[in-house]
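In: What follows is a predicted protein model with its sequence.
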Amino acid sequence: MELRQLEYFVAVAEEASFTRAAERVHVAQPGVSAQIRRLERELGHDLLDRSGRTVTLTDVGAAVLPLARAALGSVESARRTVEEMAGLVRGVVRVGMVVSCGIMDLPELLSSFHSSHPDVEITLVEANSDSLIESLVDGRLDFALVGYAGSTPDGLSVRVLADEPLVAAVAASDPWYGRESVTLDELLERGLISLPPGTGLRGALDEACGSRRPRIAFEASAPPMVITLAQRGLGPAILALSMTDGLHAVRITDPSPWSRLAFAWRTEGPHSPAARALIRLVENQVTAN
């Protein structure tokens with residue numbers, strides 16, 4: 001049994017696809033398939049069910065998966081220990097960020113980090129906040145810029161960059177133009193423009209609504225399109241107060257939804273020396289600002 005076989009098995013299990021797993025581990029797909037077949041022959045059982053449209057775990061595979069993750073984690077911990085004793089900061093930092101965030105210049109932050117630590121490889125993905133938070137908790141990401149409503153997500157530490165109310169942002173042609181506030185009950189009578197479920201702003205809206213469901217007339221994947229739709233007079237856009245460029249912001253009351261944007265990472269490691277160095281840089285920059 002080889003470590004690369006366990007690595008490939010974990011990748012296929014998490015991606016539910018040999019193709020995506022091969023891309024993730026930077027190995028041709030036939031090589032991944034062959035190594036997992038060797039692992040299955042050595043164990044005497046199939047670990048993966050290949051009969052469906054997606055690859056799923058067999059009962060044996062489901063039992064082996066946490067053990068494989070633990071074995072790979074132990075090897076990574078040993079590598080980090082050696083690097084720490086040698087005073088090295090290298091490896092890979094896996095970073096995530098919400099789509100089209102203009103409050104924090106994350107690329108500039110990563111550029112500064114790269115200048116200080118040129119031996120560290122940085123990977124960056126964009127996704128909605130729920131997906132990023134799940135990836136942080138699962139250990140697939142080391143660090144992310146996320147939005148959320150309410151209390152800090154379980155298992156994460158955060159440095160909040162923005163903590164602000166959601167508003168109904170409207171164009172000059174909208175009936176609410178010029179109003180200072182509307183109640184949530186009034187808001188629910190309108191067709192709204194919003195980001196999709198899984199985003200921090202949508203989560204804050206849904207949390208405020210409770211058991212009631214807002215009527216979403218237009219749903220866009222990024223704030224710029226939400227703003228554009230509202231500017232065209234298509235209805236109130238649900239946005240954070242700082243995002244209402246060119247629109248009139250109407251406060252939402254009874255209750256008032258709030259959303260937070262924050263840097264987040266797992267409270268309980270393991271953190272590589274590179275990830276810890278990035279976290280220290282972020283904490284210093286947030287404190288300085």
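Out: Yep, it's here. Numbering: from 1, shown residues only.

In: What segments of this structure are strands?
Out: Along the chain, the stretches classed as strands by DSSP state E are 48-49, 56-57, 91-97, 120-126, 143-148, 156-170, 181-183, 192-194, 216-219, 237-240, 248-253, 258-266.

In: now these in TSV, with distance to residue 41 and mean neighbour count?
Out: Any C-beta I mention is one placed from the backbone N, CA and C, and that applies to glycine too. Below are these laid out as TSV (distance: least, CB to CB, whole Å; neighbours: other CB atoms under 10 Å):
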stretch	distance to residue 41	mean neighbour count
strand 48-49	13	17
strand 56-57	18	16
strand 91-97	31	21
strand 120-126	33	15
strand 143-148	39	25
strand 156-170	40	19
strand 181-183	65	16
strand 192-194	51	24
strand 216-219	48	16
strand 237-240	54	27
strand 248-253	61	19
strand 258-266	36	22
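
In: JSON lines please, covering those strands and showing distance to residue 106 and mean pLDDT.
Out: JSON lines is the format used below for the strands of the chain (distance: least, CB to CB, whole Å; pLDDT from 0 to 100):
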{"stretch": "strand 48-49", "distance to residue 106": "36", "mean pLDDT": "94"}
{"stretch": "strand 56-57", "distance to residue 106": "35", "mean pLDDT": "94"}
{"stretch": "strand 91-97", "distance to residue 106": "5", "mean pLDDT": "86"}
{"stretch": "strand 120-126", "distance to residue 106": "8", "mean pLDDT": "88"}
{"stretch": "strand 143-148", "distance to residue 106": "6", "mean pLDDT": "91"}
{"stretch": "strand 156-170", "distance to residue 106": "10", "mean pLDDT": "92"}
{"stretch": "strand 181-183", "distance to residue 106": "33", "mean pLDDT": "96"}
{"stretch": "strand 192-194", "distance to residue 106": "23", "mean pLDDT": "97"}
{"stretch": "strand 216-219", "distance to residue 106": "25", "mean pLDDT": "96"}
{"stretch": "strand 237-240", "distance to residue 106": "17", "mean pLDDT": "95"}
{"stretch": "strand 248-253", "distance to residue 106": "25", "mean pLDDT": "96"}
{"stretch": "strand 258-266", "distance to residue 106": "9", "mean pLDDT": "91"}
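
In: Could I get the contacting residues of the residue lying closest to residue 24 once chain neighbours are set aside?
Out: Leaving aside its chain neighbours, residue 24 sits nearest to residue 11 (5.1 Å; criterion: CB to CB, 6 or more residues apart in numbering). Going by CB atoms under 8 Å, 6 or more residues apart in numbering, residue 11 touches 21, 24-25, 32.

In: now swap in residue 184 and tell me
Out: Residue 184 is in contact with 208-209, 252-255, 257, counting by CB under 8 Å, 6+ apart.

In: And those, which of them are buried?
Out: Neighbour counting by 16 or more other CB atoms under 10 Å classes 208, 252-253, 257 among the contacts of residue 184 as buried.

In: so which of the strands of the chain gets nearest residue 3?
Out: Counting by CB to CB, residue 3 lies closest to strand 91-97 out of those; the figure is 16.2 Å.

In: Next, the angle strand 143-148 makes with that closest one.
Out: Using axes from the mean of the first three to the mean of the last three CA atoms, to 10 degrees, the direction of strand 91-97 lies 20 degrees away from that of strand 143-148.

In: one step back: from the contacts of residue 184, which single one is nearest residue 182?
Out: Nearest to residue 182 among these, with distances taken as CB to CB, is residue 252, at 6.3 Å.

In: wait, the closest one sits on residue 182?
Out: Yes: here residue 252 reaches residue 182: they are 6.3 Å apart, a contact under CB atoms under 8 Å.
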